[in-house]
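Enquirer: Sharing a model prediction with you, sequence too.
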Amino acid sequence: MNLSVAHLKNGEYNLQNTSILKSVISEINTAYTFIYLHSGFIQWGEYALERMLQIARDNDAGMVYSNYYKQVGDQIFPYPVNDYQEGSLRDDFNFGPVLLYKTSVMKQAISQIDEEYRFAALYALRLKVSTLSGFIHINEFLYTEPDNNICPPGKKQFDYVNPKNREIQIEMETACSHHLKDIGAYLEPKFDVIDFSGNFPVEASVIIPVKNREKTIEEAIRSALMQRTSFPFNVFVVDNYSTDVTSSIVRKIASEDNRLIHIIPDRLDLGIGGCWNEAVMHPQCGKFTLQLDSDDLYINDSVVETIVRAFYNQNTPMIVGSYKIVDFCLNEIPPGIIDHREWSFENGRNNALRINGLGAPRAFYTPLLRKIKFPNTSYGEDYAVGLAISRNYLIGRIYEPLYLCRRWEDNTDAAPDIDRTNTYNHYKDQLRTTELLARKMMNNQKNLAITTPISVLFAEQFKSWPLLAKNYTALSSVIERKFSLEGLNIRVQLNPGRIRSANARVDNESVKSLACFLCKENIPKEQKSIIFLDYSLLVNPYPIFPIHLTIPDNRHLPQLINGRIKDMLSLAQILPGFTILYNGPQSGASVPGHFHFQAGNKGFLPIEHEVHSFIGKKCIRKEKKGNLYFLRNYLRKCLIFESKNEEWLLQKFEILTTILHAIQPQEEEPMFNVIAWKEENIWQLIVFPRKKHRPRQFYETGSEQLLISPGVVDFGGVVITVRNEDFLKLNKGLLIDVYAQLSYSDKEFEYVITQLKK
C-alpha cells in the first residue's frame, strides 16, 4: 500500500508548527498520507483504508475524510460530519480525526506557506489544499474512535471563547486572512461612513424575542427598563406564541410601564430572525436596536447609554459587546468574561468568515437593519446580518462586559446533539459560502474602480442586454472539477455557452467566407464599447471570467501580435484588476481574421499564482532590467518574463519570437499563447509555445471525440468543456495527453532555453 501515516502529537513533533510540518512532509515519498489528529488508537472498519484510498484515487481528490463512530464505554454512537463547502473556513471544522491527503498536493500547498505558525500550520495547510484540489466527504462510517478522545459537552465551544487560547486564535485569524487574499475575498480596512441623521420616535430600542421563558423573562425585561440614559428608549418583547405563562408576565409589566411594547406576531411561522424583523419594522422602533436574549440580563444600568455612545464615537452601524458567563443563579462560571479580543478591530470583517459567531451582545443602526433584514431562522440569524453589514462597514467593539449570559439546561445552544450541531454548522458554512461570493464580486468591481468607464459599461450592458445578463448569471452555476496533476492545479469547467468558440472554423477559406463578428458593422446592436488606443473594449457576451472583455482592433487586421506587445502591456497597466490574454491565429483564436486581445479578472487563472510558488520555477537569465524564467515539469511548456522596464520586455519578446520562428518557419507567426498582467509596478509576461492547434481527439467521431479547443485560458489552468460528455470524460490521463500533444517536446523546449541563455 503506497501510504504514509503522520501522527499529530503534543510536544516535539507537533504538526501545528510550520517548521515541523514542513520537515515531516519533506520526508514523505508515498502517493498518499494519513494524518491522525488525536492520541490513542482507532479501530478501522472492514476494508476502510482501501475504501478511502480508492475514492481518493478515483476522484483525484486533494483530501478525503469520512463519518466515524465514537465509543463511550461499551456503547458505540454514529458520528456523522458535514460536507465541506468553500465557506467551511472554521479552524475547528470537524473532519473527524483522520485525514487522507494526496501527498503531491500537500507538498505543493506547504511550499506556499511562508508564515511561521506555532498553532495554525495544519489549518493553513488545509486552506491551501482547498485552493488546489477538491475535498471529498465519504458519507460512510469507516472507523471508531475510543472515548479517551471525546471532549465533554460544550468544552469545544468554551475552548474557542476562552481568553487563555487568545494566541491560538490570533494565529488562526492570520492564516484565514492569507487564504482570503489568495481567493480574492479579503477586504482591506477601508470602511464606508455612516450618517446618523434622521428622525426616530426614540434613540434606542431593546429587542427581546421570547418563547416559553417564564423563569427568566421578567428579569430580562426589568434589566432593560432599569437603564439610565440621557435619551428616550423603549423595549420590544416579541412574544412568539408562548404556551406557558410568559405572555401573562409580559402583559403585566407592559401595563406598568408604557416603554414596554408587547408584540404578538400575526404569523405563526416566525423564527428568532422573523421576530426581530417584526420589532425592527415597527413604527415605534428607535434609531438603534439592541439585543437582549430572554434568558439573559444587562450587567448594570448603564449598558444602553454605553452602546449608543459607542455608535457615534466609532461611526459604525454595528456594535459587538462582551459578556460574562454565569449559571442560572447568576454565579460566574469558567471561562468568565468573553470579550473576543483575539480578533482585531480593523480585521473583524475578515475574521468574521472564520468564526461561528461575532460575539454578544449585538446592536445595530436600525435603517441599515431594515434594509438587510434578518433571515427567518432561529439560529445564525444574527451572524448572517453581521456578515452582510461587515462587508462595507466597520464592526464596532466594546470590550467591557455588558450582560450576563446564563448557561442552563434550557439554552437553545446548550450541548446540542450531533445532528443539530451539524445542521447549525452547515447553515453557517452556507452563509459564509454565499458571503465569499459576494465579497469576490465586490472586489472585482473595486478593481474596476480605477477604470470607472468599464465598470459603468459592464453595469449598463448587464441591464440592457438580456442575452449577456443571462450568460453572466449562468456563470454562478458553472460546474467545475479540480485535478492535481503532478502537484499542479487544473480546473475543468462545463460551460456550454462557449461552444461557439470551441467549434470555430479557423481555416483560411472559412475565415474569408464568414462575416467577422468583431467588425463594427457586424457586432450585435446591443453591444457598446469604450475606445482605447486603436482598440474597442467590449463586454464578452459569452463569458468565462466573472467580467470578461474582448478587445478588438478597430480595423480588420489579422490576428498577429508582432508590434502589439506594447499595446498588451499598456492594457495591463490601465486595467489593474485584469489579466490580458492573447491567442495566436492557430492557438485558440476563434476569430483569426480580426486582431483582438481578451481580458479577465486577475487571479482567476492558476498560472497567476503558480508563477510565484511553483517549486519547478527555474531562472534562465537575471539582468538589471528584468528576469527570465521557465517552469520545469509544468505539463505545458512555459516562459516567464518579469520586469518594470517596458523596453526590456519588448526586446526579449522579439528575441523569443525569432527563436520560435526557427522551429516553425512555415508559420506566419510562431504558435503560442500569451498572458500579461501588472502587479506592484512589475509586468509579468507569460508565453506558452505550441506546436499544434487542437488535440487529435477533437477530430475523432462518436465516443472517441473530445470537443475541446484549448486556448490561453486552458493553458492558464482552466480547461473549458462545452459538452457534458466531455466534462465527465476528462480525467488525469486525458489532460496530460492533451497538453503533451499541444506543447513543445522536451528537446524543442531545451533548444529554446539554450538560445535564450545566449
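Expert: Received, thanks. Residues are numbered from 1 along each chain as shown.
Enquirer: Note down every partner strand of the host helix or strand of Lys482 and its orientation.
Expert: In the assignment (DSSP states H and E), Lys482 maps to strand 479-485. Strand pairing for strand 479-485, using DSSP bridges, gives strand 488-494 (antiparallel).
Enquirer: Do a quick rundown of the strands in the stretch 51-200 of the chain.
Expert: Here the stretch 51-200 of the chain has its strands, by DSSP state E, counting those that start in this stretch, at 63-72, 75-79, 98-102, 135-145.
Enquirer: quick one, what contacts His178?
Expert: Listed by C-beta atoms under 8 Å, 6 or more residues apart in numbering, the contact set of His178 reads Glu115, Ala124, Leu127. Just so you know, the C-beta spots here come from the backbone N, C-alpha and C atoms, and that holds for glycine as well.
Enquirer: from the residues you listed, which would you call buried?
Expert: Neighbour counting by 16 or more other C-beta atoms under 10 Å classes Ala124, Leu127 among the contacts of His178 as buried.
Enquirer: count of residues packed around Thr421?
Expert: Using other C-beta atoms under 10 Å, Thr421 is surrounded by 16 other residues.
Enquirer: What does the pLDDT read for it?
Expert: In this model, Thr421 is scored at 93, pLDDT.
Enquirer: That one and Asp92, how far apart?
Expert: Between Thr421 and Asp92 the computed distance is 11 Å (C-beta to C-beta, to the nearest Å).
Enquirer: follow-up on the earlier one: and the strands of the stretch 51-200 of the chain, which is most packed in?
Expert: strand 98-102 (a mean of 24; mean count of other C-beta atoms under 10 Å).
Enquirer: Would you mind getting the angle between that strand and strand 135-145?
Expert: Strand 98-102 runs at 140 degrees relative to strand 135-145, counting by axes from the mean of the first three to the mean of the last three C-alpha atoms, to 10 degrees.
Enquirer: Can you tell me what sits against strand 98-102?
Expert: With C-beta under 8 Å, 6+ apart, strand 98-102 has contacts from 31-37, 42, 52-53, 56, 60-66, 68, 129, 133, 142-143, 484.
Enquirer: how about a cut-off of 7 Å?
Expert: The contact list for strand 98-102 (C-beta atoms under 7 Å, 6 or more residues apart in numbering) reads 32-36, 42, 52, 56, 61-65, 129, 133, 143, 484.
Enquirer: now swap in stretch 551-568 and tell me
Expert: By C-beta under 7 Å, 6+ apart, stretch 551-568 touches 516, 518-519, 533-537, 571, 580, 582, 584-585, 589, 592-599, 646, 649-650, 653, 668-669, 674, 676.
Enquirer: Tell me which residues touch Val171, please.
Expert: Val isn't right for residue 171; it's Glu. Glu171 neighbours (C-beta under 7 Å, 6+ apart): Tyr117, Arg118, Phe119, Ala120.
Enquirer: ok, now how distant is the third one from Asp91?
Expert: To tie it back to what came earlier, the one meant is Phe119. Distance from Phe119 to Asp91, by C-beta to C-beta: 9 Å.
Enquirer: Could you do Gly40 as well?
Expert: Distance of Gly40 to Asp91, given as C-beta to C-beta: 22 Å.
Enquirer: more crowded one of these two?
Expert: Using other C-beta under 10 Å as the criterion, Gly40 and Asp91 rank with Asp91 on top: 21 against 11.
Enquirer: From Ile208, how far out is the residue lying farthest from the centre of the chain?
Expert: Going by C-alpha atoms, centre = their mean, the residue of the chain most distant from its centre is Glu256, 51.5 Å out. Applying C-beta to C-beta, the value for Glu256 to Ile208 is 16 Å.
Enquirer: Arg228 now?
Expert: Going from Arg228 to Ile208 by C-beta to C-beta gives 19 Å.
Enquirer: what's the answer for Asn240, then?
Expert: 11 Å.
Enquirer: between those two, who's got more neighbours?
Expert: Taking other C-beta under 10 Å, Asn240 and Ile208 do not tie; Ile208 has more neighbours (25 against 22).
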